[in-house]
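Novice: One predicted model, sequence on top.
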Amino acid sequence: MKKTSRSSALRNASRRRFLVGTAAAGGGLALGFHVPLPAAAAERRPGGVEREINAWVLVRPDDTCVIRIARSEMGQGTRTGLAQLVAEELGCDWSKVTTDSITPGENLARQRVWGEMGTGGSRGIRTSQDYVRRGGAAARIMLVQAAADEWKVPASELTVDKGVITHAASGRRTSYGKVAAAAAKVPPPDPKSIVLKDPKDWTIAGKPVKRLDTADKLNGSKIYAIDVKLPGMLCAAIKASPVFGGTLESFDEAKIARMPGVKRAVKVNDFTVAVVADTWWRAKTALAALPIVWNDGEGATQSSATIAERLAEGLTAEKTNGTRQNGDARAAIAAAPTKVEAVYATPFLAHATMEPMNCTARVTADRAECWVPTQNSEGSLAALSESTGLPLAQCEVYRHDLGGGFGRRGGPQDYVRQAAAIAKQFPGVPVKLIWSREEDMTHDFYRPVSQAKMTAGLDASGNLVGLHVRVSGQSINAYFSPANIRDGIDLRQLQGYSAEPGDAELGYTVPNLLIEYVMRNTHVPVNTWRGVNTNQNAVYMECFIDEAARAVNKDPLEFRRALMSRHPKHLAVLNAAAEKAGWGTPLPAGVHRGIAQFMGYGSYSAAVAEVSLTPQGKVKVQRMVLALNCGHAVNPGQIAAQVEGSIAFGLSATFYGECSVKDGRIVEQNFDTYPILRLAEMPKVETVIVPTYDFWGGVGEATICVVAPSVLNAIHAATGKPARTLPLRHLGLA
Amino acid sequence: MATLNINGKAVQVTAEPDTPLLWVIREHAGLTGTKYGCGVAQCGACSVHFNGAVARSCSIPLSSVKPTDRIVTIEGLSATSTHPVQKAWAEVDVPQCGYCQSGQIMAAAALLQRTPDPSDRDIDEAMTNICRCGTYQRIREAVHAAAKLGGKRAAAAATPAAAGARDA
């Protein structure tokens, strides 16, 4: 289909981001203490004048340690986890730790001393753990050296415990707060000399300490970006072409000009209009009354049915866009005495973060600023710079903790661009753009739609001898990062089926295996949604493995184990889930189990679901056991919280989630038609963490993939019928 | 000009009669702890106490609010953030992103006020707000914990707003 103006705008943005990233990365990424420190930052704060020991650690005279955090916090607990890692090496008193966020402007001004700020792909901890721990260790070394210098003794004779430095030989003691000023002047150590602690010696990291950011979430005092108030601020409500790829023909501003509080109706870009007023409710009310003429464009011919038809064609098409192959799957299946075949389908899904998209921007002739919930502060900075034409150095982004992210607030930065375009038309006046829920639901970057045809051949002993996987669906790369597609090959849509160890490796060895991706794009914008393609691909693989096991009357756990001898880490996690769940033990009458395992984001997950049916045939998930090996477990309490969150998010999608397309636009506009799991439907969740401490994997996105397939397999056990098309509400099961 | 009783204080606002109470609270009274999530009474992020009962403020027009109606927002639940529900939420480490939690806490406080020791079924029926992060298991645990902390008694004591309204 013709590219939309929206997607090309995004591509330009992606390119810009890339340039920013590469230019900035030249300056010695990551290790804070590599970079010459400016005069120690001294700021008046509670606890006294604080001293910057290095980029990651500031110490106040009252021994408070301020740990700087570069990654975004959207509920996933990264702020607390990163602080634990720094504090562990710093050797400070955890009860005296507080955190502070840096801005992308500060990061660029200091040659990206804090490394990458982007927060997605479950990378927040695993890709910064090394340099933040080194940052904490370097600060400890400098603080100890400062005490040694003062006492004129070798640093090696000093010990540290909870921010107290002791020289046992002379009985002298001091604290981090007392030596901070001197420590700030100590030359940073050679990074190569730093030996990080063995995780088995951890006392702060690895413990289920409480989150550091809870208090202001309990009394209404936390300021999310949507709550920002600035002097003279105006508010904007926005509407983009309901049909993706459509354009804005005209709007009749005169019709709303006299409505209360209205300032102006403004064109935001070729396909978007906004109304600016003194309050958001007045802006929204006037926008609803604004006569707008849209040019729907060719996307208006599209519907869920036309899209499904295009994907179905891909299931048998000749040309593919990426394969993984060993042996001859087609021949092995053809020769096998038992054949199994099934077609599965998963829909578009919206992120539906609880805090709708919003951004407050203020633009003058020489400066642009925005206050925004973003998973990618530097991406926001680039978007602001590009939208205003001002150099990066004249832009700044004040990131607020996000009211949910789930992949929506990373790449696109569409709402930052919009806010900048609106604010430019009100020079010097801060304008707060807030999307309505309806705008949020109908202008998301959705989880891509896909279908899969699965074919298996089993020998006379019931062994899987051939497996053919054909995935047909929309490509995230094609929409968002076409440069990642080389010669038409796009393996990203086969996430979780990789032969390569480390990130998203398929946990089965099949003697004859053919996995294929066929790209079938649509006019609907797509991007990353918590767990991304592991969600759909785990449903296809894990439900079909169950179907194959059933065809030869094998226990689904035993059937899997037989395929996993060369994948010990996958197998260990599967066994951990099975053991905790009591796989094979009797269940109460009417309760049925299902199992699944999969890998994504560098971590291994497995789940066992227990479901029952109501007299009306509706599914109730009673209990879920989810086991996980994420390598290092930095905060088991927060890992459990992420697992609970993955289960709620995954069950919402499994039971209810679908964004359907009619006349080129998304039908579901709010939570009445896009239901979300409620508390009463939440199963009892048991998290089993089995870290092996030989790698670093993700958690938030890594654990969702096994939720849907384990439940679907339990439903198959309960009903005797496979549920191959999501969501379950269309099958009468929800 | 309309006069509202929010958190025990008389608040004068100038807004159109069809303005939802949520936006009056956020944009006219300047209290942003009450959140916008859907605007159609589905998600409960905008939950407040309205004459002692939990209500979804996005769907209450200003025109239907009387000066004597007692409105309590999250900011007015406890002057010191020590309502048993708030204490239990901290103890159980409930919030993730936190955006829905004002509404969850207001719903829980209202539940405990009428049912001091709620069963799981009571919690199922009362706690219908959406949490996209999926904190439901911890919310359930925290409601039980708040009940043990004496939810009802403290809830009554911690709403000076109610007394203030009667005095006014």
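Specialist: Received it, and whenever you're ready, just let me know what you need.
Novice: And the lengthiest helix in chain A, what does it pack against?
Specialist: For chain A, the helix with the greatest residue count under DSSP state H is helix A:129-151. Where contact means 3 or more CB pairs under 8 Å, 6 or more residues apart in numbering or on different chains; DSSP states H and E, helix A:129-151 is packed against strand A:51-54, strand A:57-59, helix A:78-90, strand A:158-161, strand A:164-167, strand A:172-175, helix A:176-183. In this view, the C-beta of every residue, glycine as well, is placed from N, C-alpha and C.
Novice: Mean neighbour count, these: which tops it?
Specialist: strand A:57-59 (a mean of 29; mean count of other CB atoms under 10 Å in any protein chain shown).
Novice: So what's the gap between it and the chain middle?
Specialist: 29 Å (CA atoms, centre = their mean, to the nearest Å).
Novice: Report the closest residue of the stretch 501-650 of chain A relative to chain B.
Specialist: residue A:648 (2.6 Å; CB to the nearest CB).
Novice: can you check chain A too?
Specialist: Counting by CB to the nearest CB, chain A gets nearest chain B through residue A:220, at 1.8 Å.
Novice: Leaving out chain neighbours, which residue sits closest to the closest residue to chain A within chain B?
Specialist: Nearest to chain A, among the residues of chain B, is residue B:33, at 1.8 Å (CB to the nearest CB). Nearest residue to residue B:33 in three dimensions, chain neighbours excluded: residue A:220, at 1.8 Å (CB to CB, 6 or more residues apart in numbering or on different chains).
Novice: can you confirm the one you found is in a strand?
Specialist: No - according to DSSP: H, G, I helix; E, B strand; the rest coil, residue A:220 belongs to no strand; its state is coil.
Novice: contacting residues for it?
Specialist: Contact partners of residue A:220, counting by CB atoms under 8 Å, 6 or more residues apart in numbering or on different chains, are B:31-34, B:73-75, B:102.
Novice: How is chain B divided into domains?
Specialist: Annotated domains of chain B cover B:2-75, B:84-157 [automatic domain parsing].
Novice: want to try JSON lines for those, with distance to residue A:178 and mean neighbour count as columns?
Specialist: Formatted as JSON lines, the domains of chain B follow (distance: least, CB to CB, whole Å; neighbours: other CB atoms under 10 Å in any protein chain shown):
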{"stretch": "domain B:2-75", "distance to residue A:178": "39", "mean neighbour count": "21"}
{"stretch": "domain B:84-157", "distance to residue A:178": "32", "mean neighbour count": "23"}
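Novice: Switch these over to CSV; also include mean pLDDT and distance to residue A:272.
Specialist: Output for the domains of chain B, formatted as CSV (pLDDT from 0 to 100; distance: least, CB to CB, whole Å):
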stretch, mean pLDDT, distance to residue A:272
domain B:2-75, 98, 20
domain B:84-157, 93, 25
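Novice: Of those, which is nearest residue A:118?
Specialist: domain B:84-157 (17.8 Å; CB to CB).
Novice: So the residue of chain B closest to chain A versus residue B:57, what's the distance?
Specialist: Going from residue B:33 to residue B:57 by CB to CB, to the nearest Å gives 12 Å.
Novice: What's the mean pLDDT across stretch A:511-529?
Specialist: Across stretch A:511-529, pLDDT averages out at 98.
Novice: measure it end to end?
Specialist: 33 Å (CA to CA, to the nearest Å).
Novice: before we move on, the earlier item: could I get the helices and strands packed on helix A:129-151 in a markdown table, plus columns for distance to residue A:639?
Specialist: Output for the helices and strands packed on helix A:129-151, formatted as a markdown table (distance: least, CB to CB, whole Å):
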| stretch | distance to residue A:639 |
| --- | --- |
| strand A:51-54 | 28 |
| strand A:57-59 | 25 |
| helix A:78-90 | 9 |
| strand A:158-161 | 27 |
| strand A:164-167 | 30 |
| strand A:172-175 | 32 |
| helix A:176-183 | 29 |
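Novice: Please render these as a markdown table that adds mean pLDDT to the earlier fields.
Specialist: Formatted as a markdown table, the helices and strands packed on helix A:129-151 follow (pLDDT from 0 to 100):
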| stretch | mean pLDDT |
| --- | --- |
| strand A:51-54 | 95 |
| strand A:57-59 | 97 |
| helix A:78-90 | 98 |
| strand A:158-161 | 98 |
| strand A:164-167 | 98 |
| strand A:172-175 | 98 |
| helix A:176-183 | 97 |
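Novice: Nearest to residue A:408, out of the domains of chain B?
Specialist: domain B:84-157 (10.7 Å).
Novice: The closest one close to chain A?
Specialist: Yes - Domain B:84-157 is in contact with chain A by CB under 8 Å from any CB of the partner chain, via B:86, B:89-90, B:93-102, B:105, B:123-125, B:127-140.
Novice: Just the residues you listed: which are in helices?
Specialist: Per DSSP H, these map to helices at B:86, B:89-90, B:101-102, B:105, B:123-125, B:136-140.
Novice: Which members of the contacts of residue A:220 occur in helices, if any?
Specialist: Short answer: these in helices (DSSP H) are residue B:102.
Novice: Check what pLDDT residue A:36 gets.
Specialist: 30.
Novice: rewinding a little: report the angle between the longest helix of chain A and helix A:78-90.
Specialist: Put simply, helix A:129-151 runs at 40 degrees to helix A:78-90, going by axes from the mean of the first three to the mean of the last three CA atoms, to 10 degrees.
Novice: Any buried residues in helix A:129-151, and which?
Specialist: Residues of helix A:129-151 classed as buried by neighbour count (16 or more other CB atoms under 10 Å in any protein chain shown): A:129, A:131-148, A:151.
Novice: tilt between it and helix A:176-183?
Specialist: Helix A:129-151 runs at 90 degrees relative to helix A:176-183, counting by the same axes, to 10 degrees.
Novice: Let me see the mean pLDDT of helix A:129-151.
Specialist: Averaging pLDDT along helix A:129-151 yields 97.
Novice: show me where pLDDT drops low in chain A?
Specialist: A:1-48 (pLDDT under 70).
Novice: was I right about residue A:52 contacting residue A:184?
Specialist: Yes - counting by CB atoms under 8 Å, residue A:184 is a contact partner of residue A:52 at 6.1 Å.
Novice: Residue A:516 belongs to a strand?
Specialist: Yes - per three-state DSSP, residue A:516 lies within a strand segment.
Novice: my read: it touches residue A:319, true?
Specialist: No - with contact defined as CB under 8 Å, residue A:516 does not count as touching residue A:319 (10.0 Å).
Novice: Comparing the two, which residue is more hemmed in?
Specialist: Higher neighbour count among residue A:516 and residue A:319: residue A:516, with 23 against 8, using other CB atoms under 10 Å in any protein chain shown.
Novice: So what sits opposite residue A:608 in the bridge?
Specialist: Residues found in beta-bridge contact with residue A:608 (criterion: DSSP bridges) are residue A:595, residue A:625.
Novice: quick one, what contacts it?
Specialist: Contacts for residue A:608 (CB under 8 Å, 6+ apart) come out as A:577-578, A:580-581, A:583, A:593-595, A:624-625, A:710.
Novice: again, but for residue A:186
Specialist: Contacts for residue A:186 (CB under 8 Å, 6+ apart) come out as A:142, A:145-146, A:149.
Novice: what's across from the closest residue to residue B:103 other than its chain neighbours in the sheet?
Specialist: Excluding its sequence neighbours, the residue lying closest to residue B:103 (CB to CB, 6+ apart) is residue B:47, at 3.8 Å. Here residue B:47 sits in beta bridges with residue B:56, going by DSSP bridges.
Novice: And for residue A:453?
Specialist: Assessed by DSSP bridges, residue A:453 has beta-bridge partners residue A:343, residue A:470.
Novice: and residue A:226, how far is that from residue A:293?
Specialist: Residue A:226 is 30 Å from residue A:293, by CB to CB.
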